[in-house]
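# okay, predicted coordinates and the sequence, questions at the end:
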Amino acid sequence: MCKLSVNVNKIATLRNARGGDVPNLVNVVKDVERFGADGITVHPRPDERHIRYQDVYNIDKVYKTEFNIEGYPNKKFMDLVHEVRPGQVTLVPDPPGVLTSNAGWDTKTNLDFLTEVIASFKSANIRTSIFIDTDLELIEFAKKTGADRVELYTESYASNYFKDKIKAIEPYKKAATCAQSIGLGLNAGHDLSLENLKYFNEQIPFLDEVSIGHALVADALYYGLENVVQMYKNLLID
């Protein structure tokens, strides 16, 4: 069964908007796990506009499932990951001012850089994943970096799901098959939702993990956080 990792960035965004400690991020992490999530994801950015670096240390003290830290591997990020030693680090090619992740790595151009970064994390026994588009050549180069997994960037699938879901899923099926054939584990994330997740999981039955934040938190406004975690989990049942 594919695992659900809940990205709590938007909880931190809500907290930061008022300046206090409501909602309390640590309590939300505990509750999300208690409600059935298989993991917690955070994506600290240099401006700390949502997840702060201190949040990462705070979550590290309380999580019980698996911790996935996403981000661009500058020195500060790498130092943070090495201190915390999460179960997984997901490398994302975000420039400093980007609103949200909007592209995968060019693993061919950045082969040497990524290889060095990944070797550093693997020496600390941290599983590595590369955020990537569905380009088969770039997936093959992801394998050359030494990465354990790739995370498919699913914005295109989500955007085109209601227009033609069969056409929308096709490049992801090919990318997933390619990754599996060369020994890469498979994650996915970005704009996956209650509407499109079940079909994605059905079409790619060897999916290891999905990371979902924005849609899940938005749905919680209507259905409640506990219900929503279970609703997403139910969509991942084979």
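Received, thanks.

# where does the most centrally placed residue in the chain fall, secondary structure wise?
Closest to where the C-alpha atoms of the chain average out (CA atoms, centre = their mean) is residue 211, at 4.1 Å. Assessed by DSSP states H and E, residue 211 sits inside strand 209-212.

# now that strand: buried residues?
Buried residues in strand 209-212, counted by 16 or more other CB atoms under 10 Å: 209-212. (C-beta placed from N, C-alpha, C; glycine too.)

# try stretch 216-228
If you call a residue buried by 16+ other CB under 10 Å, then stretch 216-228 has these buried ones: 216-217, 219-220, 225, 228.

# which residues of this protein score low on pLDDT?
Scanning the chain for pLDDT under 70 picks out the ranges 95-102.

# so where do the helices sit in it?
Remark: helices assigned in the chain by DSSP state H are 9-18, 25-34, 53-60, 75-84, 111-122, 136-144, 155-160, 165-181, 197-203, 214-223, 225-235.

# the first one packs against which elements?
Right, the one you point to is helix 9-18. Here helix 9-18 is seen to pack against helix 25-34, helix 214-223 when contacts are counted using 3 or more CB pairs under 8 Å, 6 or more residues apart in numbering; DSSP states H and E.

# what is the orientation angle of the first one with helix 214-223?
So that's helix 25-34. 80 degrees (axes from the mean of the first three to the mean of the last three CA atoms, to 10 degrees).

# sorry, back to before: want to throw the buried residues of strand 209-212 into JSON lines with distance to residue 68?
Formatted as JSON lines, the buried residues of strand 209-212 follow (distance: CB to CB, whole Å):
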{"residue": "209", "distance to residue 68": "8"}
{"residue": "210", "distance to residue 68": "11"}
{"residue": "211", "distance to residue 68": "7"}
{"residue": "212", "distance to residue 68": "12"}
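
# neighbours of residue 157, how many?
A count of neighbours around residue 157, defined by other CB atoms under 10 Å, yields 25.

# apart from its neighbours in sequence, what residue is nearest it?
Nearest residue to residue 157 in three dimensions, chain neighbours excluded: residue 168, at 5.0 Å (CB to CB, 6 or more residues apart in numbering).

# residue 196 versus that neighbour, what's the distance?
Distance from residue 168 to residue 196, counting by CB to CB, to the nearest Å: 8 Å.

# just residue 210 next, same as before
Separation of residue 210 from residue 196 (CB to CB): 11 Å.

# re earlier: nearest to residue 158, of the helices and strands packed on helix 9-18?
In this view, the helices and strands packed on helix 9-18 are compared for proximity to residue 158 by CB to CB, and helix 214-223 is the closest at 8.8 Å.

# between the closest one and helix 225-235, how big is the angle?
If you take the same axes, to 10 degrees, helix 214-223 sits at 120 degrees to helix 225-235.

# and helix 214-223, what does it pack onto?
Contact analysis of helix 214-223 by 3+ CB pairs under 8 Å, 6+ apart lists strand 3-7, helix 9-18, helix 225-235 as its packing neighbours.

# no further queries at this time; thank you.
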